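K.L.:
structural data only, the sequence is not supplied:
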């Protein structure tokens, strides 16, 4: 190597060509560069300067001779004058450290004999033999194997089972030529373990290599802890020593989802998902149960499926694989190809979307295609991760004197759209083996079908400093006429936002950490969820409709509509500052009318404050009297 040289051909300076014309008894050697056109054969080849402690260079060295069947010795001259500790010669799988020994070779013909010559820091590689991702038990015997190249530079090898927390020794001070090890699994409980191979190099540094496969160590005992109530479970064990009543408690019952109906089951099957109803808490340890240790496939159909978690480990939804028409899709690819919904739903007193699947539980998942196979591989590492970003969210729950409730989530995101968004607007499961309250966000995808949504995220308003109103259609199916208690759980929602439920006979403002009670007039309620950055009224909410009548006609309309209102008492209308404002579906104010005294209606011509005609769609109109917001209603323009 030379500071002034290049890694290409340096004619007449650092790289000197030769020819192999010979006569009589001859021994001819050269360096050879196949890609250097007419300068392939060289008696000297110098590379650019590099640090041999950090990298290496490679030459093709070759010779030919007519003195066949005679031993040839290859070595380094002027050994004491050179830093030769990093010279290696390779031929047919054999590495020779030329600083320690010469290489001997016997040619059997007069053709060229080719060798690979290396100088520098050679980095070995490890090729791991196949081993399926799986769960292991203490005292189980497993065999691992591998191959290591460039063994000459390695002093010895250490082998571990390792994750981010721990290195568990398997074998130490192995020869680099060793290719396998048997391991008696210790009584330690760890997940996401790799086979780790440390190569301790002759110069003292250590190179670590991790297997592409992973495994975990779990206890052989299966603990089944059941709490009273309804649950989604997976029978993730197989035993003939205990009855379902012993495992889940006396009086417990199991239901399987079959052909869009629930069937009570006396003998649950291994790795099947079920609804469980337990009258009381129960706890049992199964000492002789079989479990699933390797990968598992579960068949799904179009529509809602109840899926198991077959293993005694947790999964992130992004670790799941989907097989459709003989192609394997990771979670994100399955979403992009519109095969599944973005989340699974758990049941913990209410349905809730989650991305984490816990051991022993089962979940609802919606598929858009038939004949999809769901594949579980323990500790699978997905290649692409996908996350949704929200500006804020609000969970609204409803309950009727029960431990079981139902909820929906609304909110905004800069990445969402004002129409249906398959990533942000989530379908909601409603089928369960018992009757209870169902809170949902109905959505018309087309004229033929209405889907029930759990989670609907809108586009954020462009300017939250001006007045705006966001509205979601909602429905409640009630098992009784008992009073409803609504609760809210905001997440990053601004403090100056107000939450209202607008029923046909009342407007209810919802507050955190307190009861929000409503007496239903029917078992099926359709109403609106309103979120604004201004209070609707300082008047008692349950008297608004009695004091003010607000409507528009026609509705729907094509070009213009009349918005009118009536007041039950004239003294509500003696002051200035009365307005009617128009908002689009994004919550943006597009038009405002000032109402003179003695006027009780205005005509909206379908134009904004700039005089531009607006598009067809849903709009809101807000009446404000005495500078206090009174009512908000919805209208539809159809052109």
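P.N.:
Looks like it arrived, so ask away. Keep in mind that what you see is a predicted model, and the values were worked out from it rather than measured.

K.L.:
now do the strands in the stretch 501-639 of the chain.
P.N.:
507-509, 516-518, 524-532, 548-553, 561-567, 579-583, 589-594, 601-604, 617-625, 628-637 (DSSP state E, counting those that start in this stretch).

K.L.:
wait, which of these is closest to residue 307?
P.N.:
Residue 307 sits nearest to strand 524-532 of all these, at 30.3 Å, using CB to CB. (Each C-beta comes from the backbone N, C-alpha and C, glycine too.)

K.L.:
tell me the gap between that closest one and the middle of its chain.
P.N.:
In terms of CA atoms, centre = their mean, to the nearest Å, the centre of strand 524-532 is set 32 Å apart from its chain centre.

K.L.:
I'd like the average pLDDT over it.
P.N.:
What strand 524-532 shows for mean pLDDT is 91.

K.L.:
just say helix, strand or coil for residue 194.
P.N.:
At residue 194 the chain is in strand, as set by DSSP: H, G, I helix; E, B strand; the rest coil.

K.L.:
find the nearest non-adjacent residue to it, please.
P.N.:
In this structure, residue 194 finds its nearest non-sequential neighbour in residue 210, 4.3 Å apart by CB to CB, 6 or more residues apart in numbering.

K.L.:
who's in contact with residue 133?
P.N.:
The contact partners of residue 133, taken as CB atoms under 8 Å, 6 or more residues apart in numbering, are 213, 214, 215, 294, 295, 377, 378, 379, 380.

K.L.:
please read the previous query as pertaining to residue 297.
P.N.:
323, 373, 374, 375, 376 are the contacts of residue 297 under CB under 8 Å, 6+ apart.

K.L.:
please tell me which one of the residues you listed counts the most neighbours.
P.N.:
Counting by other CB atoms under 10 Å, residue 376 has the largest number of neighbours within these, with 24 neighbours.

K.L.:
count the residues that sit near the closest residue to that residue other than its chain neighbours.
P.N.:
The shortest distance from residue 376 to any non-neighbouring residue, by CB to CB, 6+ apart, is to residue 296 (4.7 Å). By other CB under 10 Å, 17 other residues sit near residue 296.

K.L.:
same deal with the one 3 residues further on?
P.N.:
The criterion is other CB under 10 Å. On that basis, residue 299 has 11 neighbouring residues.

K.L.:
partners of it in the sheet?
P.N.:
Taking DSSP bridges, one finds residue 373 as the beta-bridge partners of residue 299.

K.L.:
quick one: it and residue 367 touch, right?
P.N.:
No. Contact criterion CB atoms under 8 Å: residue 299 and residue 367 do not qualify, at 10.4 Å.

K.L.:
mutual contacts of those two, please.
P.N.:
Residues touching both residue 299 and residue 367 (CB under 8 Å, 6+ apart): there are none.

K.L.:
related to what we said a few turns ago, want to throw the strands of the stretch 501-639 of the chain into CSV with mean neighbour count and distance to residue 62?
P.N.:
As requested, these are arranged in CSV below (neighbours: other CB atoms under 10 Å; distance: least, CB to CB, whole Å):
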stretch, mean neighbour count, distance to residue 62
strand 507-509, 18, 89
strand 516-518, 16, 87
strand 524-532, 18, 79
strand 548-553, 17, 93
strand 561-567, 18, 92
strand 579-583, 21, 83
strand 589-594, 16, 82
strand 601-604, 16, 91
strand 617-625, 20, 78
strand 628-637, 19, 84
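
K.L.:
out of those strands, flag the one nearest residue 95.
P.N.:
Nearest to residue 95, of the strands of the stretch 501-639 of the chain and by CB to CB, is strand 524-532 at 71.1 Å.

K.L.:
who does that closest one pair up with?
P.N.:
strand 469-477 (antiparallel), strand 498-502 (antiparallel).

K.L.:
how far off strand 617-625 does that strand point, in degrees?
P.N.:
70 degrees (axes from the mean of the first three to the mean of the last three CA atoms, to 10 degrees).

K.L.:
what angle separates strand 524-532 from strand 579-583?
P.N.:
100 degrees.

K.L.:
quick one: contacts of strand 524-532?
P.N.:
Contacts for strand 524-532 (CB under 8 Å, 6+ apart): 394, 396, 408, 410, 442, 467-478, 497-504, 536, 629, 632, 634.

K.L.:
of those residues, select the buried ones using a ChimeraX command.
P.N.:
Entered in ChimeraX, the line below selects the buried ones among the contacts of strand 524-532, by 16 or more other CB atoms under 10 Å:
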select :394,396,408,410,467,468,469,470,471,472,473,474,475,476,477,478,497,498,499,500,501,502,503,536,629,632,634
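
K.L.:
possible to save the contacts of residue 297 as CSV with distance to residue 10?
P.N.:
Formatted as CSV, those follow (distance: CB to CB, whole Å):
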residue, distance to residue 10
323, 56
373, 60
374, 61
375, 56
376, 59
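
K.L.:
and these, which is closest to residue 612?
P.N.:
residue 374 (50.4 Å).

K.L.:
please report how far the closest one lies from residue 345.
P.N.:
Distance, residue 374 to residue 345, by CB to CB, to the nearest Å: 15 Å.

K.L.:
ok, back up a step: of the contacts of residue 133, buried ones?
P.N.:
Counted by 16+ other CB under 10 Å, these give 213, 214, 215, 295, 377, 378, 379, 380 as buried.

K.L.:
where are the low-confidence patches of the stretch 51-200 of the chain?
P.N.:
Scanning the stretch 51-200 of the chain with the threshold set as pLDDT under 70 gives 79-85.

K.L.:
mind listing the strands for it?
P.N.:
Using DSSP E, counting those that start in this stretch, strands in the stretch 51-200 of the chain cover 56-65, 72-74, 87-91, 94-97, 103-105, 113-120, 126-128, 134-136, 141-148, 154-162, 167-174, 180-184, 194-201.

K.L.:
any weak-confidence spans in the chain?
P.N.:
Using pLDDT under 70, the chain drops low at 79-85, 445-450, 462-465, 537-547, 567-577, 626-630.

K.L.:
can you give me the helices in it?
P.N.:
Ranges of helices within the chain are 244-248, 331-336, 544-547, based on DSSP state H.

K.L.:
a markdown table please, covering those and showing mean neighbour count and distance to residue 70.
P.N.:
Below are the helices of the chain laid out as a markdown table (neighbours: other CB under 10 Å; distance: least, CB to CB, whole Å):
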| stretch | mean neighbour count | distance to residue 70 |
| --- | --- | --- |
| helix 244-248 | 18 | 80 |
| helix 331-336 | 18 | 62 |
| helix 544-547 | 16 | 111 |
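
K.L.:
now render those helices as JSON lines, adding distance to residue 435.
P.N.:
Output for those, formatted as JSON lines (distance: least, CB to CB, whole Å):
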{"stretch": "helix 244-248", "distance to residue 435": "22"}
{"stretch": "helix 331-336", "distance to residue 435": "33"}
{"stretch": "helix 544-547", "distance to residue 435": "31"}
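
K.L.:
out of these, the one nearest residue 161 is which?
P.N.:
helix 331-336 (27.4 Å).

K.L.:
so what touches that closest one?
P.N.:
317-322, 324, 340, 342, 382, 384-386, 422-423.

K.L.:
quick revisit: pretty sure the residue nearest to residue 194 sits against residue 161.
P.N.:
No. Applying CB under 8 Å, one finds residue 210 not in contact with residue 161, separated by 10.8 Å.

K.L.:
between the two, who's got more neighbours?
P.N.:
residue 161 (26 against 16).

K.L.:
residue contacts, the more buried one?
P.N.:
By CB under 8 Å, 6+ apart, residue 161 lies in contact with 167, 168, 170, 183, 190, 193, 194, 195, 196, 215.

K.L.:
please type out the ChimeraX selection for whichever of those turn out to be buried.
P.N.:
The ChimeraX selection below is limited to those of those classed as buried (16+ other CB under 10 Å):
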select :168,170,183,190,193,194,195,196,215
